[in-house]
Every structure is written in C-alpha cells, then in structure tokens.
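Undergrad: Take this sequence and fold it.
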Amino acid sequence: MSALFNFKSLLLVILLLICTCTYVRATFPWLVERKEGFRGTFWKMARVGERLSPYVAIACIVMGVQVLLPQDSK
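TA: Numbering: from 1, shown residues only. As a prediction, this is how the structure comes out:
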C-alpha cells in the first residue's frame with residue numbers, strides 16, 4: 001500500500017523528510033537556501049525541524065517505538 005493512502009506511513013514519510021531536510025540544512029546550507037519553487041518546500045520543512053525540534057524529536061521516538069513493537073495482524 002502506498003504511503004499516501006496509509007495515514008501512519010504518510011506521517012512517517014513527512015517526519016523523515018523534516019529530519020532529513022533539517023540535517024541537510026545544517027550540513028550543507030547552500031542546498032536548502034532557496035525560499036521559492038520546489039526547493040522552497042525543503043526549506044520550509046527544514047525550518048519546521050529547526051523551530052520545533054523538541055516536538056520533532058519526541059515524534060521520532062514515538063514513531064520508532066511504534067515501528068519496533070509487534071502489531072496485531074487482522
């Protein structure tokens with residue numbers, strides 16, 4: 001199933017994209033400088049990761065624990 005149709009997978013993809021953009025902006029700032037166009041989306045995600053870093057970290061921990069725990073298959 002695609003991540004677009006599964007809400008949990010969509011949240012995981014968005015969270016990983018925020019973390020990746022924040023890391024890339026800290027390591028290579030010239031890659032995520034542009035505020036316009038397609039690369040502007042990555043700049044916005046990096047900004048969210050910088051400003052809401054405690055909440056993003058808690059969300060990463062929660063998603064990590066949820067992925068590791070066994071789930072009931074119905």
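Undergrad: What about P70? Give its phi and psi, please.
TA: phi -70, psi 140 (degrees, to the nearest 10).
Undergrad: Let me see the confidence value for it.
TA: With respect to pLDDT, P70 scores 76.
Undergrad: L31 now?
TA: Per the predicted model, pLDDT is 84 at L31.
Undergrad: From W43, how far off is it?
TA: 10 Å (Cβ to Cβ, to the nearest Å). Glycine gets a C-beta too; all of them are placed from N, C-alpha and C.
Undergrad: cool, and L11?
TA: L11 is 21 Å from W43, by Cβ to Cβ.
Undergrad: out of those two, which sits in the more crowded spot?
TA: The residue with more neighbours, out of L11 and W43, is W43; 18 against 14, by other Cβ atoms under 10 Å.
Undergrad: show me where pLDDT drops low in the chain?
TA: The chain contains residues with pLDDT under 70 at 1-4, 72-74.
Undergrad: returning to what we had before: anything in contact with each of L31 and W43?
TA: R25 (Cβ atoms under 8 Å, 6 or more residues apart in numbering).
Undergrad: What lies in contact with stretch 38-50?
TA: So stretch 38-50 is contacted by 17-19, 21-22, 24-25, 31-35, 56 (Cβ under 8 Å, 6+ apart).
Undergrad: out of the residues you listed, which one sits closest to F7?
TA: Nearest to F7, judged by Cβ to Cβ, of the contacts of stretch 38-50 is L17 at 15.7 Å.
Undergrad: The closest one sits in which helix or strand?
TA: helix 7-27 (DSSP states H and E).
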